[in-house]
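Participant: Just to be clear, the model below is a prediction. Sequence and coordinates:
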Amino acid sequence: METPHSAVATAQASGMKRELGWYASFSVAFGFVSIATGIFTTYGAVLNTSGARGIWAWPIAVVGQLAVAAIFGALAARMPISGYAYQWVSRLANPILGWLMGWISFAFLIIVVVAVDYTIAATILPELFGYTSTPQNNWVITAVVMLLQAILVALSTRATNKVNAVAVTIQIIGMIGLTVLLFVVGGIAGRLDFANLFATAPLPSTDYWDFGGLSDVGPFPLAFLLGAFTIVGFESAANLAEETKDPARVIPKAMIQAVLSLGVLGMLFLIAITALAGDTAELAASATPVAAVITSVLGPVVGKILLVLVVVSIFSCGLVITLSGTRLVWAMSRDERFPGWQLLRKVNASRGTPVASSVFVFVVTQVILAIFAQSSDALFVLFSAATLLPAMIYAGTILMYAVKRRSLPASQGFSLGKWEIPVLVLAAVWLVYELAIFRDDSFAQPRLYVGFMILIGAVYLAYLLVRRGVKGMTMPDMVDVDKVLDVAPPTHK
């Protein structure tokens, strides 16, 4: 049986350079969330399941996710270490639950990057270049995009974050400019129809607010998927804690600011697109509804230039997810708790990146893409699974925080103070409501994916327990890991 790791031995294996500042941290959180990605991916589904009125679920989802981000910020200020929820739950509850949280996080990251990159192929490029989207060309394009992202992540963390910072800057400027242009040009042309904001077409208005039964969900509750899918991944900033300067102060601020700014900008963009939608029932039948509205209002030249900026934004989102996925695999491998950890824990001495983990994540995501790419509703299945999994991660982490909040290490830079209990209750209520939506029969395939991945994880966890025993899964003491990392000499494998 193997002996437990000490705090220093586990933390010592980093070898990462602490060189990321506030804007890099903010860019990671903002880039992962990416309102361009989320809205382009899910807007069509919302029109078909909830009508245009469904956009009003967005601000509610933003408030709920903001509460989650605040709790995660409190955790990041106490345990600034790569692996975020995996590391936190391992210490808040026990290493076995922490391992399961890490595995679920891995299952989320490998499918959400496919969903994000698939959006480029399925919802933007056909409108940009005027061709018909098919499962086959979507598959090829998505595979190439993921390859480029994996190469960047493997080559250099600094280069990856520079690309992401530039892309996030483009996204902020581009989305603000696009939203303003839509309002101005649409207003001048007399095309803004704010009555659309409350339309239910192509759905009837009867029973619109119904919560549903045991295996079905009403129209408006389904609209929460728009915000629930989009406003996730802000915690990715915490996954680069060991590469961030003063992470206990920088990361919580970056996460909360990212959710707030994305929430406001996203709502304005949704109002603009919906007010300019024209016949919402007709638009719901389009495979590229958001892109179609943009080119229709702004013209083919300006519209396509802005769509190029959107492609850059979505590529950035996929890049950050790939980076986050490789760091999670590396963090779990460093603790000898991931399949193939002997190879995956290695950090390339010259590049300072976990190249093996980057290659591994790329191969697994290609397998996921191959499984789902032939489906006619691939995008819906992908983004649904990529919404269910983070909700499970958030709920598990929030529960552990509620139970163990009094035994946490002292905060190093961020505290909720007297707002802790109200924020905790709000986050819990929101996540219970969100998870309840997935009882609908339309989510059978996403639930199957989640169940299959959990089964694989359970088999490997059983192997670990048989080989090492429960004591062999013990994590380092819940100390100031950040200080341990700063004093421990870096090692390269």
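Facilitator: All right, it came through fine. Note that the structure is predicted; figures quoted are calculated from it, not measured.

Participant: C-alpha only now, for contacts and for neighbours.
Facilitator: Will do.

Participant: show me the contacts for the residue most central in space within the chain.
Facilitator: Compute the mean C-alpha point of the chain, and by CA atoms, centre = their mean the closest residue is G233, 3.1 Å away. With contacts defined as CA atoms under 8 Å, 6 or more residues apart in numbering, G233 is in contact with 29, 32-33.

Participant: By neighbours, which of these wins?
Facilitator: F32 (35 neighbours; other CA atoms under 10 Å).

Participant: Just the pLDDT at the residue nearest to the centre of the chain, thanks.
Facilitator: Per-residue pLDDT puts G233 at 87.

Participant: Equivalent analysis for Q171, please.
Facilitator: 84.

Participant: just checking, next helix/strand downstream of the helix-or-strand element of the chain with minimal mean pLDDT?
Facilitator: Least confident helix or strand, the chain: helix 7-12 with a mean of 36, by mean pLDDT, DSSP states H and E. With elements assigned by DSSP states H and E, the helix or strand that comes after helix 7-12 is helix 22-33.

Participant: Next secondary structure after that next one?
Facilitator: Using DSSP H and E, the first helix or strand after helix 22-33 is helix 35-50.

Participant: for that following helix, packing partners?
Facilitator: Contacts defined by 3 or more CA pairs under 8 Å, 6 or more residues apart in numbering; DSSP states H and E place helix 35-50 against helix 95-119, helix 219-222, helix 224-230, helix 247-275, helix 280-284, helix 289-298, helix 300-334, helix 378-404.

Participant: which sections of the stretch 1-150 of the chain are below the confidence cut-off?
Facilitator: Filtered on pLDDT under 70, the stretch 1-150 of the chain yields the residue ranges 1-19.

Participant: do that again at 90, thanks
Facilitator: 1-25, 27-37, 41, 76, 78-95, 98 (pLDDT under 90).

Participant: so how far does stretch 277-291 reach from one end to the other?
Facilitator: Taking CA to CA, to the nearest Å as the measure, stretch 277-291 stretches 11 Å from start to finish.

Participant: Pull out the buried residues from it.
Facilitator: 277, 280-281, 283-284, 287-291 (16 or more other CA atoms under 10 Å).

Participant: Let me know the closest of the residues you listed to L270.
Facilitator: Taking CA to CA as the measure, L270 sits nearest to V290 out of the buried residues of stretch 277-291, at 9.4 Å.

Participant: list the contacts for that closest one?
Facilitator: Applying CA under 8 Å, 6+ apart, the residues near V290 are 40, 43-44, 273.

Participant: Distance to P95 and neighbour count added to the residues you listed, as a markdown table?
Facilitator: A markdown table is the format used below for the contacts of V290 (distance: CA to CA, whole Å; neighbours: other CA atoms under 10 Å):
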| residue | distance to P95 | neighbour count |
| --- | --- | --- |
| F40 | 38 | 24 |
| Y43 | 39 | 25 |
| G44 | 41 | 24 |
| I273 | 46 | 27 |
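
Participant: I'd like to know which of these is nearest to I55.
Facilitator: Y43 (8.6 Å).

Participant: and the closest one, what does it touch?
Facilitator: So Y43 contacts 226, 289-290 (CA under 8 Å, 6+ apart).

Participant: do the same with V423
Facilitator: Contacts of V423 by CA under 8 Å, 6+ apart are 67-68, 70-71.

Participant: among these, which are in helices?
Facilitator: By the criterion of DSSP state H, membership of the contacts of V423 in helices covers 67-68, 70-71.

Participant: Can you classify the residue nearest to R249 when sequence neighbours are not counted as helix, strand or coil?
Facilitator: Closest residue to R249 apart from its sequence neighbours, by CA to CA, 6 or more residues apart in numbering: G413 at 4.5 Å. What DSSP: H, G, I helix; E, B strand; the rest coil gives for G413 is coil.
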